[in-house]
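J.: A predicted structure for the sequence below; I have some questions about it.
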Amino acid sequence: MATIKHPITGIELNPITIERKSLSYREAVTAWMLRLSGVKYNHVAQFLGTNTHRLGEVFRGEVHFGSEQEAKTSLT
């Protein structure tokens, strides 16, 4: 993949290939699996192409109830 650099500063930037405004149930289960496996909170957001506020909704149980339990069951 080609390197992306800021045109003025020359700082290397990470490409954004996926951008999600909300998470589906399966994406919520994936978020739980990543988090339970020790992946840092902000990295989970980056991997899923969303922001930490969407993850907060999932991790606080405000959306996609049951996704935590499904992730735990899948990991055992």
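T.: Right, received. Where do you want to start? All values derive from a computational prediction rather than experimental measurement. Numbering: from 1, shown residues only.
J.: just the helices in the protein please.
T.: Taking DSSP state H to define them, one finds helices in the chain at 25-36, 41-48, 52-59, 67-75.
J.: helices or strands up against the longest one?
T.: Packed against helix 25-36, as judged by 3 or more CB pairs under 8 Å, 6 or more residues apart in numbering; DSSP states H and E, are the following elements: helix 41-48, helix 52-59, helix 67-75. Placement of C-beta: from N, CA and C, glycine included.
J.: average pLDDT for that helix?
T.: In this model, helix 25-36 has an average pLDDT of 98.
J.: what's it in contact with?
T.: Helix 25-36 has contacts (CB atoms under 8 Å, 6 or more residues apart in numbering) with 20, 23, 41, 43-44, 47-48, 50, 55, 58-59, 63-64, 67-68, 70-72, 74-75.
J.: out of those, which are buried?
T.: Neighbour-count burial (16 or more other CB atoms under 10 Å) is assigned, among the contacts of helix 25-36, to Leu23, Val44, Leu48, Thr50, Leu55, Val58, Phe59, His64, Ser67, Glu68, Glu70, Ala71.
J.: wait, the first one touches His64, no?
T.: Yes - taking CB atoms under 8 Å as the definition, Leu23 is a contact partner of His64 at 7.1 Å.
J.: surely Leu48 touches Glu19?
T.: No - the pair Leu48 and Glu19 fails to qualify as a contact (CB under 8 Å) at a distance of 9.9 Å.
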